[in-house]
Every structure is written in C-alpha cells, then in structure tokens.
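all I have is the shape, not the residue letters:
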C-alpha cells in the first residue's frame, strides 16, 4: 500500500527533474551553438537550435540520452577487458571498495567490542574516534597514495586503506550503540543463568546489535565507495571511475564525466541495496520483526 | 631505538594511569568532567609520543612520515601560507557553500512542508542522493564556474543540500499529535505553530544535519581543489607538496584542516546545547 502511494509523487518529481535537466542543457549549450551559427552565417530556428544543442560533441551539459548512449557504448559494445570499457573501470573501483569495506567493518566491530568491554578504552578512545572524522581524510588521500607508492605498495591496497578509514567510523558508532542496546533486565536474566562473559556476548549482545550493524553497514558501504573514487584521483588517472572523472575533466569530455558519475551512482545504489537484502534475510532468520532502528 | 623505548614506556604509563583513573568512584560533577577531558588528552599525548618515538627511533625517512616536532616547526615557519590557504578554502569555499547549501535545504523543506505530495516524491530522492558519491560532480562544477572558489562552493552546496532537506523534513514531523492539537485549541495559525512548536521540536534534527554537513563542507572544498584551482588553497597545496615530496608541509595543512574541522564542529555543538537545552540528551549531560 505504502509503495503504491509513493509511486506517483516519485514519478512526478523524477519527470520534473528530467525536464529541468533538458531545459538547462539547451540553455547552457546554446551560447556556443549560437556563436557557431553566426560564424557559419546560417539562419536558424528554435527547433534546430534545440536539436543541435542536445547533440554537441563536448556540451557544457549533455542531455540524458547522450549519457545513456555513452554508457551503452562503453559497457555493452566494448570488451570488458578493454581500457575503454566502463565495466572494467567500475570493477577496479568496486574491488577497492569491497576490500576497504570489509577491513573497515572488521576494524569497526573490533574497536566497538573493545570499547564496550573496557572503560578505559571507552573513555580514552571514543573522543578520538569522533575527532578522527572531523579530519577531512579525503584530503590526505593523495598523500597516502603517493607515500605508500614510494615504499612499494601500490594498486589496490592504498585505495582500500582510504575506504577502510572512512568506513570504520559508522560501524564503531553503530556497534557500540548496538552492543549496549540490551536492557538491564535482559543482562540481569543472563546473570541469573550464571552466563559467562563470552556467553553473554555471543547469546545476547551480539544478536541484539545486528539491526544497528546493518544500518551502519549501509552508510559504510556508500562512504567506502567515495573513498575508493577519491583514492583513484592522484594515481595519475590510470584506471577506475575516479580516474575516468579526472581524465574527463582534463580533456573536457563532459559526456565521459557524466557517464562515470552515473556508473558510480548505480554502483552505490546496488551496493546499498545488496546490504539491505542481506539485512532482511538475516533479520528474518533471527526472527526479528521488521522494524527500523534509528542509528 | 632508545627514544622509541622511552615513548613505549610513556604510553604504558599513561595507559595504566587511565585504567586506574576511570575506576575511581568519586561522585562529583567536577571530577567527572575533568576526567572526561584528561583521559582522552592523555591518550592523544601517548599517541603523539609513540609517533615521535617510532619515527625518530627507527629513522623513518621524513618523506614517508615526519615526526610531529618537524610538522610543528613547519607550521610555525609557514603561518602566512597556511593562513592564505585557510582563507581561500575554509572562509570562502567551505563556509559560503555551507551557509548556502544548508540555508537552501532548510527553505526547500519549509516550502514543501505543506505538500505531502512533494514530500513523498522528494524524500526518497533525497535519501538516495545522500548515499551517492556527490564529490564526483567536482570536475563538472570546475568546468562551469571556473577555477576560483565559486566552483568549490557549488560542490559544497550540492553536498550539504540533501542531508539538510531530509533531516529538516523528518524534524518537522517530530512534534507530537497532542502538542499540535493543543496549538489548534489555541487557535494558532500555521506560521505560529511552525515557529513556536514545530521548528523548536525539529531543532535536534536540524543540528544533526548541520554537524554532518560541517565535515562534508570541509571535504567538498578540499577535494574539489584537486580538479583545478588558482595557485592557493589547502587542497591545491596538498596535491602540489605531495608531488614535491614536502610531506611535512602536507601534514601542516592537514593539521590546520583538522583543527578547523574540529572547531567548526565544536561551535555547532555549543550552539546546539544553547538552543536545544530542553532535549534529554543535553539535560542528561548537565546532571551526569
């Protein structure tokens, strides 16, 4: 029911956005086009102007159909192994993202367990975990890449490192909240059962933190993609979606930039959705009623 | 090697002290407050000492990782450059973009407040866009608005707009039905309800967005500079000095960025405590 009531407004807004996009494309591309008409001395009418502005080689703002056409050309019509294939670049970015995401999740869970079980770690570490995020780590990205390169670590790992740094934070915060979410009465019950610390952890704290974990994982996976993309900027634009962005901006290939952007957006959406699917399966197996947890 | 062992000992002592310190059970507010500051500060000092000790003790080349003392020296020696970069990146790009992005997100949220239709359409899109790597629009903005700060501010505006929109809309829905009914029995108009009940109730959500956006603004402004700048700015300096292997200068910029980001965040938290003094999370802090 809810889904149906959302569809119409959503479609309306999306249609409006696309309409605005096309109007903006015509408006922003027309100065260059008009200049060309004047130089060539052609008479022009409005429909011709619209047609031409939407089919320029290097438009200021390409139309949606140009972007889709470019994506089609660089995914389906190119070999996957080709350097001009968008699938190839997406795969490079995806592998760094996933590696960083997995490391970040493990690190985040590990830190959260430490923080929950040791008061000194909690008091001394938590402020720094929070402070670590006010540092714009993305700004350090080029240095991490170059420095690690200098000591012989290149390729996937440096990018994954940046993703790790970005993605551990939401996991720590969410898991600390989650591991502390059992109520006092539940903890007391476990104590009356004479449960050991380990049993308390595996049978109560860990299961009750799951909803919090998945909420954080959705944020973490999106942010580790951002980390991987930014990590690809300073490597001299070799491969990956970030490199496509940079190369596009060097050579003024706007259509290429937009297609890389769309690929990144699609990748983010798919990753978040996958986490959501795993979330739902796990919750169902554990017998949770489907309720949302605010992290 | 020696100096590393000293650092290690210092770290162990601070750790042991912290372990002992947090176990003390003194029920005084002042004691609790000082402890909440002293413990993390000691931890940070121990980290710095380890860093200094490790880099000096093992003779790590400064190109890889300079010790904190060299970075500090560099900061003192190049305050002018740092200040100019700070003005360009923080005062112009990040701050202006932050104000415009948050402001427009807030105004749009108020504007669509009366239309459930638009809310239903815009909210999923806002949530979706928040998860996207928006930073990727940076090259496009640089192409459209040129190399100087307006293009960076534009990136920041786009990055901060959606978190503000989504949070404000959910904040405006946060006031309870009872309270709204009460306002109706007072015969208050839409705007009176908005200003006297719903906006104050939305404040925690709005401040949450402001906090998220403060870090996003710094990141957006710095990363956008990687795609082209006039020869000033923190992102520009970082990418240039990395190329020249002046890693201490890079760390100096990072220290400034971290300090600016933390102060920015801290100011927002202070304003939040003053404005939302009634909220449980703030009241608890005062009594604990």
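Right, received. Where do you want to start? The model shown is predicted, which means the values in this text are computed figures rather than measured ones.

please identify which helix or strand holds residue A:230.
Assigned by DSSP states H and E, residue A:230 belongs to helix A:206-231.

and that helix, anywhere near chain B?
Yes: with CB under 8 Å from any CB of the partner chain as the criterion, chain B is reached by helix A:206-231 at A:218, A:219, A:222, A:225, A:226, A:229, A:230. C-betas here are computed from N, CA, C, even on glycine.

can I get the residues you listed in CSV including pLDDT and neighbour count?
Formatted as CSV, the residues of helix A:206-231 next to chain B follow (pLDDT from 0 to 100; neighbours: other CB atoms under 10 Å in any protein chain shown):
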residue, pLDDT, neighbour count
A:218, 85, 20
A:219, 83, 21
A:222, 85, 24
A:225, 88, 30
A:226, 84, 26
A:229, 84, 32
A:230, 81, 28
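
helix, strand or coil for residue B:231?
coil (DSSP: H, G, I helix; E, B strand; the rest coil).

verify the stated contact: residue B:82 with residue B:254.
No: in terms of CB atoms under 8 Å, residue B:82 does not count as a neighbour of residue B:254; the distance is 11.0 Å.

which stretches of the chain form helices?
No chain specified, so I'll use chain A. Per DSSP state H, chain A carries helices over the ranges A:2-40, A:46-53, A:64-75, A:86-117, A:119-134, A:137-150, A:156-179, A:184-192, A:197-200, A:206-231, A:241-251, A:254-286.

that was the other one, I meant chain B.
Taking DSSP H as the criterion, chain B contains helices spanning B:2-23, B:29-57, B:68-77, B:79-86, B:95-111, B:116-130, B:138-145, B:149-172, B:177-185, B:190-193, B:199-224, B:234-243, B:247-275, B:280-287.

the first one near chain A at all?
If I follow you right, that is helix B:2-23. Yes: judged by CB under 8 Å from any CB, helix B:2-23 comes into contact with chain A at B:15, B:18, B:19, B:21, B:22, B:23.

among these, name the buried ones.
B:15, B:18, B:19, B:21, B:22 (16 or more other CB atoms under 10 Å in any protein chain shown).

any chance of the residues you listed in TSV, with pLDDT too?
Formatted as TSV, these follow (pLDDT from 0 to 100):
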residue	pLDDT
B:15	79
B:18	77
B:19	76
B:21	77
B:22	75
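
can you put those in JSON lines and add distance to residue B:38?
Shown next, in JSON lines, are those (distance: CB to CB, whole Å):
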{"residue": "B:15", "distance to residue B:38": "14"}
{"residue": "B:18", "distance to residue B:38": "9"}
{"residue": "B:19", "distance to residue B:38": "13"}
{"residue": "B:21", "distance to residue B:38": "7"}
{"residue": "B:22", "distance to residue B:38": "10"}
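
of all the helices of chain A, which lies closest to residue B:176?
Nearest of those to residue B:176, taken as CB to CB: helix A:2-40 at 21.8 Å.

name the helices or strands packed onto the closest one?
The contact analysis (3 or more CB pairs under 8 Å, 6 or more residues apart in numbering or on different chains; DSSP states H and E) places helix A:2-40 against helix A:46-53, helix A:64-75, helix B:116-130.

now render those helices as a markdown table, adding distance to residue A:208.
Below are the helices and strands packed on helix A:2-40 laid out as a markdown table (distance: least, CB to CB, whole Å):
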| stretch | distance to residue A:208 |
| --- | --- |
| helix A:46-53 | 57 |
| helix A:64-75 | 43 |
| helix B:116-130 | 26 |
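
so which of the ones you listed is nearest residue B:195?
Closest of the helices and strands packed on helix A:2-40 to residue B:195 is helix B:116-130, at 19.8 Å (criterion: CB to CB).

pull the residues that contact the closest one.
Outside helix B:116-130, the residues within contact range by CB atoms under 8 Å, 6 or more residues apart in numbering or on different chains are A:5-6, A:9-14, A:17, A:269, B:112-113, B:162-163, B:165-166, B:169.

one more time with 7 Å
By CB atoms under 7 Å, 6 or more residues apart in numbering or on different chains, the residues outside helix B:116-130 that reach it are A:6, A:9, A:10, A:12, A:13, A:269, B:112, B:162, B:163, B:165, B:166, B:169.

for the spatially closest residue to the third one that is not a sequence neighbour, give me the pLDDT.
In space, residue A:10 comes closest to residue B:121 once its chain neighbours are excluded; the distance is 5.1 Å by CB to CB, 6 or more residues apart in numbering or on different chains. In the predicted model, residue B:121 carries a pLDDT score of 81.

check the gap between the spatially most central residue of chain A and residue A:169 for me.
Note on chain A: the residue nearest the mean C-alpha position is residue A:222, at 2.9 Å, using CA atoms, centre = their mean. Going from residue A:222 to residue A:169 by CB to CB, to the nearest Å gives 13 Å.

ok, now residue B:118?
As for residue B:118, its distance to residue A:169 is 33 Å (criterion: CB to CB).

those two - which one has more neighbours?
Under the neighbour definition other CB atoms under 10 Å in any protein chain shown, residue B:118 and residue A:169 were set side by side, and residue A:169 has more, 22 against 18.

ok, that one touching residue A:133?
Yes: Residue A:169 is in contact with residue A:133 according to CB atoms under 7 Å; the separation is 5.1 Å.

report how many residues lie close to residue B:41.
Counted with other CB under 10 Å, residues neighbouring residue B:41 total 13.

now residue A:286
11.

contacts only, for residue A:49.
Contacts of residue A:49 by CB under 7 Å, 6+ apart are A:30, A:33.

by mean pLDDT, point me to the weakest helix or strand of chain B.
Using mean pLDDT, DSSP states H and E, helix B:280-287 stands out as the lowest-scoring helix or strand of chain B, at a mean of 61.

mind checking pLDDT for residue A:235?
pLDDT recorded at residue A:235 is 59.

and residue A:189, by the same measure?
pLDDT for residue A:189: 90.

burial count for residue B:277?
Around residue B:277 there are 10 other residues, counting by other CB under 10 Å.

list phi and psi for it.
Phi and psi for residue B:277, reported as degrees, to the nearest 10, are phi -60, psi -20.

how far away is it from residue B:176?
19 Å.

ok, residue B:207 next?
Per CB to CB, residue B:207 is found 20 Å from residue B:176.

how is chain A carved up into domains?
If you go by automatic domain parsing, the domain ranges for chain A are A:2-61, A:86-294.

among those, which gets the worst mean confidence?
The minimum mean pLDDT among the domains of chain A belongs to domain A:2-61 (a mean of 78).

which one in chain A is furthest away from the centre?
Here chain A reaches farthest from its C-alpha mean at residue A:41, the gap being 47.9 Å by CA atoms, centre = their mean.

so it versus chain B, what's the distance?
Applying CB to the nearest CB, to the nearest Å, the value for residue A:41 to chain B is 29 Å.

if we ignore the residues flanking it in sequence, what's nearest residue B:85?
In space, and not counting its chain neighbours, residue B:85 is closest to residue B:234: 4.7 Å by CB to CB, 6+ apart.

the nearest residue to residue A:221 once chain neighbours are set aside: neighbour count?
Leaving aside its chain neighbours, residue A:221 sits nearest to residue A:271 (4.7 Å; criterion: CB to CB, 6+ apart). Applying other CB under 10 Å, we find 22 residues neighbouring residue A:271.

settle this for me: residue A:271 is touching residue A:223, isn't it.
No: using CB under 7 Å, residue A:271 is not in contact with residue A:223; the gap is 10.7 Å.

can you tell me the closest non-neighbouring residue to the residue of the stretch 151-295 of chain A found nearest chain B?
At 3.3 Å from chain B, residue A:249 is the closest residue in the stretch 151-295 of chain A, using CB to the nearest CB. Excluding the flanking residues, the one nearest residue A:249 by CB to CB, 6+ apart is residue B:139, at 3.3 Å.

for residue A:132, same thing?
Residue A:132's closest residue in space is residue A:169 (CB to CB, 6+ apart), at 7.0 Å.
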